[in-house]
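# here's my sequence, what's the structure:
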Amino acid sequence: MKVLIPDDDRGHWESLRRSLDQESELQISGAAADAETASHSVIARELRRILDGCPICDGGYRDHVYALLATLAIEKGGQTAARLKQFYGLLRQYLWRELLGFRDRNPGEDILAAFAFRCATGRVGVVTILCPANADLPDNPLHYIILPAEAGKNLMALLHPQKWLPLRSLPLQLP
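Next up, the predicted model:
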């Protein structure tokens, strides 16, 4: 029997384990489902690492999606403090249109990124991450919030459905 078991779905693993316990002569082979190489997959993998399980449903990431909301370059000196205060103020007040306008990019500076994530339950959260300019340093989670249902719906209404990307890629199907 050939099977493909996504690594984020414990129910499948338990079912497989029960089958192996019941049938000592059963041989099972399969393929890994975590072949993520596209840039959005790398981001999804980093978000999964940072969140360490969905804070909404406390489960894996099947049927979960994410979207980039905003980026803010953290400049050495300058007016970063005022922009940072504005950034978090917009986030706390759920002023999504204004927050979506933050799209700073400067390869030589650290970046503050805000990502929305939507749970399979339909609830939405936002996580902010400090992404150091030095690629050898890890990204650092700073803050996350689970939005009230209405604020989540308002945010989802502003983002085109194609902006939402899977937090877990769909497993490959074996013949």
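
# where does the residue nearest the centre of the chain fall, secondary structure wise?
The structure's the chain has its C-alpha centroid closest to Leu47; by Cα atoms, centre = their mean the separation is 4.0 Å. Applying DSSP states H and E as the criterion places Leu47 in helix 39-51.

# and the helices in the chain?
Here the chain has its helices, by DSSP state H, at 10-22, 39-51, 80-92, 96-100, 149-158.

# list the helices and strands the third one packs on?
Right, the one you point to is helix 80-92. Here helix 80-92 touches strand 65-74, helix 96-100, strand 110-118, strand 124-131, going by 3 or more Cβ pairs under 8 Å, 6 or more residues apart in numbering; DSSP states H and E. To be clear about C-beta, it is placed using only N, CA and C from the backbone, and glycine gets the same treatment.

# adding distance to Glu150, write those out as TSV.
Shown next, in TSV, are the helices and strands packed on helix 80-92 (distance: least, Cβ to Cβ, whole Å):
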stretch	distance to Glu150
strand 65-74	17
helix 96-100	12
strand 110-118	14
strand 124-131	10
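
# in TSV, list the ones you listed along with mean neighbour count and distance to Leu137.
Shown next, in TSV, are these (neighbours: other Cβ atoms under 10 Å; distance: least, Cβ to Cβ, whole Å):
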stretch	mean neighbour count	distance to Leu137
strand 65-74	20	13
helix 96-100	17	25
strand 110-118	22	9
strand 124-131	20	9
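
# quick one: contacts for the residue nearest to Leu142 when sequence neighbours are not counted?
In space, and not counting its chain neighbours, Leu142 is closest to Thr128: 4.6 Å by Cβ to Cβ, 6 or more residues apart in numbering. The contact partners of Thr128, by Cβ atoms under 8 Å, 6 or more residues apart in numbering, come to 88, 91, 112-115, 141-144.
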